[in-house]
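Enquirer: okay, predicted coordinates and the sequence, questions at the end:
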Amino acid sequence: QQLEDEGEVAVVGAWRGRPLGYGVVARLARLGERQWELKGERHIRLVPPIESASEGGFAARVEAVEDDVQVVDVEVARSLGPLVERWRALVEGSRFERFAGQIAGILADLGEMPPAEDAG
């Protein structure tokens, strides 16, 4: 299937042929002729009714999920940076990488870690 447009799309997983109740709004951008970037931006919840659509998909309204961020969420998020660095030191260049630079490539694809204050 050929993607024609860039913009926002809703991305929702499925289980046993039915969509899950939550997902993300993501930004779809063309990077090159055969290269796309999909970047998750906001949490969403599907609002019933969820109806079957053409080509095996589903149609539903969605609403934003507002995260109730607690002080402990920010504290835990602050602890992640050092843990990720420790994990990288243990994994990169070891037999756990399937090929040299695998972890660095994955982390580059994921992008910068968001600020701890954006936890939620």
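Expert: Everything's here; your move. Note that the coordinates shown come from a computational prediction; the quantities given were computed from them, not determined experimentally. Numbering: from 1, shown residues only.

Enquirer: for the rest of this, base every contact and every neighbour count on C-alpha atoms.
Expert: Noted.

Enquirer: which stretches of this structure form strands?
Expert: Listed in chain order, the strands of the chain (DSSP state E) span residues 7-15, 18-32, 35-52, 58-64.

Enquirer: pLDDT score assigned to the nearest residue to residue 19 once chain neighbours are set aside?
Expert: Spatial nearest neighbour of residue 19, chain neighbours left out: residue 13 (5.9 Å); criterion: CA to CA, 6 or more residues apart in numbering. Listed pLDDT for residue 13 reads 89.

Enquirer: and residue 13, what does it touch?
Expert: Listed by CA atoms under 8 Å, 6 or more residues apart in numbering, the contact set of residue 13 reads 19-20, 22-23.

Enquirer: same thing but 7 Å
Expert: 19-20, 23 (CA atoms under 7 Å, 6 or more residues apart in numbering).

Enquirer: separation between it and residue 68?
Expert: The gap separating residue 13 from residue 68 is 23 Å, by CA to CA, to the nearest Å.

Enquirer: out of the strands of the chain, nearest to residue 72?
Expert: Ranking those by distance to residue 72, with CA to CA as the measure, places strand 35-52 first at 20.0 Å.

Enquirer: neighbouring contacts of the closest one?
Expert: Residues from elsewhere that reach strand 35-52 (CA under 7 Å, 6+ apart): 21-31, 58-65.

Enquirer: quick one, it and strand 7-15 angle?
Expert: Here the directions of strand 35-52 and strand 7-15 differ by 60 degrees (axes from the mean of the first three to the mean of the last three CA atoms, to 10 degrees).

Enquirer: which of the residues in strand 35-52 are buried?
Expert: 38-40, 43-46 (16 or more other CA atoms under 10 Å).
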